[in-house]
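Enquirer: I need the structure of the sequence given here:
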Amino acid sequence: MKIGICNDHAGYAYKTKLIRLLQSKGYETVDFGTDSDVSVDYSDFAHPLAAAVESGAVDAGIALCGTGNGMAITLNKHQGIRAGLAWNSEIGRLVKAHNNANVLVMPARFISYQMAVRIMNTWLETGFEGGRHARRIAKIPCNG
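Expert: Down below sits the predicted model:
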């Protein structure tokens, strides 16, 4: 599985560690930046990740910024993206099981690195439940 990952300055430290962890588990990763903790605009990195998920260049994505909101809002402007913001592992499970989120977004300033790992692992290991949730997703314009 190929995972795209992006961040702004607030998510840089976690991203570099998460990439190493993903690679150690056998995932292929594509880093969409940024490559430092110097202040940047999150949207400059969210758009390329979203495009890669939409086109199938990557199978799924992970995004990190300070609150997670900027990334989630930007990512969800793209057709075919269901970016879910998770701040604990149960939310991480639900954004996949119920919303079939193809991008996981985490708030780097509000969770520990250990929590980010738990959220990411839970999201990766969870399957989509389908059923009534598939019906609900089908009602999201251009997101079926």
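Enquirer: going forward, measure contacts and count neighbours with C-alpha atoms only.
Expert: OK.
Enquirer: what sits against the nearest residue to Phe32 once chain neighbours are set aside?
Expert: Nearest residue to Phe32, sequence neighbours excluded (CA to CA, 6 or more residues apart in numbering): Cys6, at 4.8 Å. Counting by CA atoms under 8 Å, 6 or more residues apart in numbering, Cys6 makes contact with 15, 31-34, 45-46, 49, 61-64.
Enquirer: Kindly recompute the last result at 7 Å.
Expert: 31-34, 45-46, 49, 62-64 (CA atoms under 7 Å, 6 or more residues apart in numbering).
Enquirer: Kindly report the same for Gln23.
Expert: Neighbours of Gln23 in contact, by CA under 7 Å, 6+ apart: Thr29.
Enquirer: Ser89 too?
Expert: Here Ser89 is in contact with 118-119, 122 (criterion: CA under 7 Å, 6+ apart).
Enquirer: swap the cut-off to 8 Å and go again
Expert: 115, 118-120, 122-123.
Enquirer: picking that back up, check the gap between the residue nearest to Phe32 and Met115 for me.
Expert: Separation of Cys6 from Met115 (CA to CA, to the nearest Å) stands at 18 Å.
Enquirer: do the same with Ala50
Expert: In terms of CA to CA, Ala50 sits 24 Å off from Met115.
Enquirer: ditto for Val105
Expert: 13 Å.
Enquirer: which of the two has more neighbours?
Expert: More crowded of Val105 and Met115, by other CA atoms under 10 Å: Val105, with 32 against 16.
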